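K.L.:
this one's sequence-less:
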């Protein structure tokens, strides 16, 4: 029988869903042009009414076996709509099941995605109160008294995020024609947001404390040297210098990934690369110019690490000191690339199509501008580039050229220096060795 509804046809319903998607996009704070979207109480109230309309129509469809095929037709049409490249990936979960709770979607977007400035908070709460008063006015004479009475009964538990429609009987809302107590729902979402903000602040404090400890350990070489001298085991002067250098590089690697700037970038690239490949490529093409190539390359490399940030930090914490020379480390990494290493191969880069797409695009935009790699943190390159990948081969070739002294050196070593020990080149090789040849890589990559 297909779609059948007494009030609206399928094509018109899909058009209305498109409009509802636009409302949700605008509720994220921006118009399609990129300009800021401003919401006042009246427009928020209109968005609330739209959500109630979808809930009413979808409830009619889902509550009757007679409309079962109509629901299937709608979901099929929505699947076709979502398959379009212009459809926002963040709303790809839209379906008949989500539209039946459209009010929750609107409230969450209005409160959680927009910057919660005073004017916006006032507009949301004003709209919520107006919705509740209008609903009471249709069934009761003294609607304000009834509304205030219900507020007195309201108890908001930040840990209880259930919607008020599940509790309306307890609050005496059976006769209200809208399915939600908008005031309590908005207040509950505000509590959820505040709880999330508090959690983030606590995490930031913990990361700051952790970073401060690492930074102090990195910079106090004199204290570290004295501790090593007083230790039960004996180290030669060269071994002691090597240990201090190892501590410096390890701490520097950790500090990069724990830095507030890095965490913000990872948060951003997580959203960028959650979109379709064609969309994020179009974004990078809009950003393209010769002056910011190193910034674009850093974002692409971070895109390869975004799903493994915690594991990467844990891995750099567990790296042990060794007495290998820089050349020995380089040879081990080369053997891994050529398949001659006896160590277990840590990761098949083909397993992650997203990383593969990012690396392909990275190789393309780098072209002959390989010097850009030397402007990026050694730890990032080591963690982001998969073993046995083309990009690792390119990077190792650049390092080998520097080792042989065939071009002007990027490190501070002079041509008379017999071995790279405490320089940028040695650090880059150490990071590659620490990340690609460690036996603990199974959990990282």
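P.N.:
That came in fine, so what should we check first? The structure presented is a predicted model; accordingly, all values stated were derived computationally and were not measured. Numbers count the residues shown, from 1 in each chain.
K.L.:
CA atoms for contacts and neighbours, from now on please.
P.N.:
OK.
K.L.:
the stretch 51-200 of the chain: strands as residue ranges?
P.N.:
Applying DSSP state E, counting those that start in this stretch to the stretch 51-200 of the chain gives no strands.
K.L.:
low-confidence ranges in it?
P.N.:
114-115, 140, 153-180 (pLDDT under 70).
K.L.:
that one: helices as residue ranges?
P.N.:
Taking DSSP state H, counting those that start in this stretch to define them, one finds helices in the stretch 51-200 of the chain at 68-82, 96-99, 102-112, 118-137, 143-153, 182-219.
K.L.:
same question for the stretch 251-400 of the chain.
P.N.:
With helices called from DSSP H, counting those that start in this stretch, the stretch 251-400 of the chain shows them at 260-272, 277-287, 293-305, 309-318, 326-338, 353-366, 378-384, 390-404.
K.L.:
will you turn the ones you listed into CSV that also has mean neighbour count?
P.N.:
Formatted as CSV, the helices of the stretch 251-400 of the chain follow (neighbours: other Cα atoms under 10 Å):
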stretch, mean neighbour count
helix 260-272, 16
helix 277-287, 13
helix 293-305, 22
helix 309-318, 17
helix 326-338, 18
helix 353-366, 16
helix 378-384, 24
helix 390-404, 16
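K.L.:
in a markdown table: the ones you listed, plus mean pLDDT and distance to residue 120.
P.N.:
Putting those into a markdown table (pLDDT from 0 to 100; distance: least, Cα to Cα, whole Å) gives the following:
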| stretch | mean pLDDT | distance to residue 120 |
| --- | --- | --- |
| helix 260-272 | 91 | 24 |
| helix 277-287 | 89 | 29 |
| helix 293-305 | 94 | 32 |
| helix 309-318 | 89 | 34 |
| helix 326-338 | 86 | 55 |
| helix 353-366 | 92 | 37 |
| helix 378-384 | 95 | 39 |
| helix 390-404 | 89 | 47 |
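K.L.:
to residue 82, which of these lies closest?
P.N.:
helix 277-287 (14.2 Å; Cα to Cα).
K.L.:
domain assignment for the protein?
P.N.:
For the chain, automatic domain parsing gives the domain ranges 10-194, 220-443.
K.L.:
returning to what we had before: in TSV: the helices of the stretch 251-400 of the chain, plus distance to residue 193.
P.N.:
Formatted as TSV, the helices of the stretch 251-400 of the chain follow (distance: least, Cα to Cα, whole Å):
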stretch	distance to residue 193
helix 260-272	18
helix 277-287	28
helix 293-305	27
helix 309-318	24
helix 326-338	46
helix 353-366	31
helix 378-384	32
helix 390-404	41
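K.L.:
to residue 116, which of those lies closest?
P.N.:
Closest to residue 116 of the helices of the stretch 251-400 of the chain is helix 260-272 (Cα to Cα; 19.0 Å).
K.L.:
which other helices and strands contact the closest one?
P.N.:
Applying 3 or more Cα pairs under 8 Å, 6 or more residues apart in numbering; DSSP states H and E, we find helix 260-272 packed against helix 293-305.
K.L.:
quick one: list the elements packing against the helix it packs on.
P.N.:
Helix 293-305 is packed against helix 260-272, helix 353-366, helix 378-384, with contacts defined by 3+ Cα pairs under 8 Å, 6+ apart.
K.L.:
in CSV: the ones you listed, plus distance to residue 192.
P.N.:
Listed next are the helices and strands packed on helix 293-305 as CSV, based on distance: least, Cα to Cα, whole Å:
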stretch, distance to residue 192
helix 260-272, 20
helix 353-366, 32
helix 378-384, 34
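K.L.:
and those helices: which comes nearest residue 289?
P.N.:
helix 353-366 (10.6 Å).
K.L.:
report the distance from the closest one to the chain centre.
P.N.:
19 Å (Cα atoms, centre = their mean, to the nearest Å).
K.L.:
let me see the backbone angles for residue 30.
P.N.:
Main-chain dihedrals, residue 30, degrees, to the nearest 10: phi -140, psi 150.
K.L.:
need the contact list for it.
P.N.:
Applying Cα atoms under 8 Å, 6 or more residues apart in numbering to residue 30 gives the contacts 36-37.
K.L.:
let me know the pLDDT of it.
P.N.:
Listed pLDDT for residue 30 reads 71.
K.L.:
so which of the helices of the stretch 51-200 of the chain is nearest residue 403?
P.N.:
helix 182-219 (26.5 Å).
K.L.:
tilt between that closest one and helix 102-112?
P.N.:
Taking axes from the mean of the first three to the mean of the last three Cα atoms, to 10 degrees, one finds helix 182-219 and helix 102-112 inclined to each other by 40 degrees.
K.L.:
name the helices or strands packed onto helix 182-219?
P.N.:
Using 3+ Cα pairs under 8 Å, 6+ apart, helix 182-219 sits against helix 102-112, helix 118-137, helix 237-258.
K.L.:
and the angle from it to helix 118-137?
P.N.:
Calculated by the same axes, to 10 degrees, helix 182-219 forms an angle of 150 degrees with helix 118-137.
K.L.:
tilt between helix 182-219 and helix 260-272?
P.N.:
Going by the same axes, to 10 degrees, helix 182-219 makes 130 degrees with helix 260-272.
K.L.:
can you point out the buried residues in helix 182-219?
P.N.:
Going by neighbour count (16 or more other Cα atoms under 10 Å), the buried part of helix 182-219 is 182-193, 207, 211, 214-215, 218.
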